[in-house]
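*Asks:* Need a 3D model of the following:
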Amino acid sequence: MLQRKSALLCMTLAALGLLFLAVCTPCAAMNIEVSDGTLPDSQDEAATITYTIVITGLPKQAEYLEISTDLIPVSDSTLWTVPDTTYVEIEGGEDSLNDQKITLKILEYPDQGITVTCSGRAPSLTSVETVDGVVITKRVEQSTGYIYYHVRALDENGDLLGTAATETFSITIPGEDVFKERLNAVSDTDMRAIIDDLYSKGLTDEAGDLLDYWEAPKESTVSLTMTAIVAIVLMIIGLVVGVIFGQVRARNMQDFEDDYRGR
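*Replies:* Residues are numbered from 1 along each chain as shown. Below is the predicted model of the structure:
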């Protein structure tokens with residue numbers, strides 16, 4: 001009797017142990033492999049990007065695969081391409097292939113994984129507007145944390161299974177690093193501040209022209225700031241002299257008229 005109870009207790013503990021393992025064992029880690037294209041840490045704004053990923057290691061409970069990106073569709077192709085729809089079904093149909101987030105219903109999990117291609121362009125950080133005839137370049141402050149892909153495996157209720165896989169990048173403005181190097185090389189602190197202020201206010205053409213002028217060879221060693229001050233002073237002197245000369249000339253004309261009438 002005692003042996004039977006001991007055997008029953010052992011079987012119960014074994015069953016509970018198996019149940020515990022089944023519940024507590026983590027889902028298989030999802031793996032993303034880039035099979036075509038490269039995903040560098042940074043991209044120029046509006047750069048065209050194409051990559052293909054193969055998704056493996058999906059948990060068996062996965063019913064859906066959700067994939068999103070910050071890339072923007074281009075006119076000559078869809079943002080997403082799913083080469084083989086034997087094992088997945090595109091939620092929303094082909095019309096959703098230009099959405100930045102798509103959902104694939106998993107019909108059957110293939111041994112070779114699920115392949116998806118993304119082809120788009122990086123967001124632009126700058127935009128050009130003309131205000132009262134002045135060209136202004138506006139900039140988006142965020143330059144990091146943009147998403148190549150964000151992949152989530154979901155169960156039948158749409159809940160996340162395991163851990164999402166994400167690959168991010170930063171965006172650079174072409175020529176901006178070179179411009180900043182040139183700006184830092186300006187020895188006149190006042191002039192450097194003026195150029196930087198123009199650039200930060202979106203007057204990039206004016207800032208570039210002023211920087212070009214500063215870098216141009218000069219016959220004199222006088223700073224550009226001093227030259228501008230001297231030019232303003234000379235202009236004021238010219239105006240004063242012009243006014244005085246005009247008054248003298250008017251007085252002389254009046255004297256001439258008085259003499260002419262007195263004859």
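*Asks:* those helices in the stretch 151-263 of the chain, which residues are they?
*Replies:* For the stretch 151-263 of the chain, the helices defined by DSSP state H, counting those that start in this stretch occupy 176-184, 189-200, 204-215, 224-262.
*Asks:* Point out the other helices and strands that the helix or strand containing residue 55 packs with.
*Replies:* In this structure, residue 55 is located in strand 48-56 according to DSSP states H and E. When contacts are defined as 3 or more C-beta pairs under 8 Å, 6 or more residues apart in numbering; DSSP states H and E, strand 48-56 packs onto strand 31-36, strand 114-121, strand 146-154. All C-beta atoms are positioned from the backbone trio N, CA, C, and that covers glycine.
*Asks:* hmm, 6 Å instead?
*Replies:* Strand 48-56 is packed against strand 31-36, strand 114-121, with contacts defined by 3 or more C-beta pairs under 6 Å, 6 or more residues apart in numbering; DSSP states H and E.
*Asks:* just checking, what packs against the shortest one?
*Replies:* Counting contacts by 3+ C-beta pairs under 6 Å, 6+ apart, strand 31-36 packs against strand 48-56.
*Asks:* same thing but 8 Å
*Replies:* With contacts defined as 3+ C-beta pairs under 8 Å, 6+ apart, the packing partners of strand 31-36 are strand 48-56, strand 160-172.
*Asks:* mind exporting the longest one as PDB, just the C-alpha atoms?
*Replies:* Listed in PDB are the C-alpha atoms of strand 160-172, where the atom choice follows Å, rounded to 0.1, in the frame of the first residue of the first chain:
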ATOM      1  CA  LEU A 160       3.500  39.300 -28.700                       C
ATOM      2  CA  LEU A 161       5.400  36.000 -28.500                       C
ATOM      3  CA  GLY A 162       9.000  36.100 -27.400                       C
ATOM      4  CA  THR A 163      11.000  39.200 -28.200                       C
ATOM      5  CA  ALA A 164      10.700  41.500 -31.200                       C
ATOM      6  CA  ALA A 165      13.600  41.900 -33.500                       C
ATOM      7  CA  THR A 166      14.600  45.500 -34.500                       C
ATOM      8  CA  GLU A 167      17.400  47.000 -36.600                       C
ATOM      9  CA  THR A 168      17.800  50.800 -36.500                       C
ATOM     10  CA  PHE A 169      19.900  53.500 -38.300                       C
ATOM     11  CA  SER A 170      20.600  57.200 -38.100                       C
ATOM     12  CA  ILE A 171      20.300  59.800 -40.900                       C
ATOM     13  CA  THR A 172      22.900  62.200 -42.000                       C
END
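*Asks:* I'd like the average pLDDT over that strand.
*Replies:* Taken as a whole, strand 160-172 has an average pLDDT of 96.
*Asks:* One more: stretch 185-201?
*Replies:* Stretch 185-201 comes out at a mean pLDDT of 89.
*Asks:* ok, back up a step: for the following helix or strand past the strand holding residue 55, which strands pair with it and how are they oriented?
*Replies:* Heading C-terminal from strand 48-56, the first helix or strand you meet, by DSSP H and E, is strand 64-68. Looking at strand 64-68 with DSSP bridges, its partner strands are strand 101-106 (antiparallel), strand 146-154 (antiparallel).
*Asks:* pLDDT-wise, which helix or strand of the protein ranks last?
*Replies:* For the chain, counting by mean pLDDT, DSSP states H and E, helix 2-24 ranks last in confidence among helices and strands (a mean of 45).
*Asks:* re the thing from before, format the strands paired with strand 64-68 as CSV; extra columns: mean pLDDT and mean neighbour count.
*Replies:* What follows is these, written out as CSV (pLDDT from 0 to 100; neighbours: other C-beta atoms under 10 Å):
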stretch, mean pLDDT, mean neighbour count
strand 101-106, 98, 17
strand 146-154, 98, 20
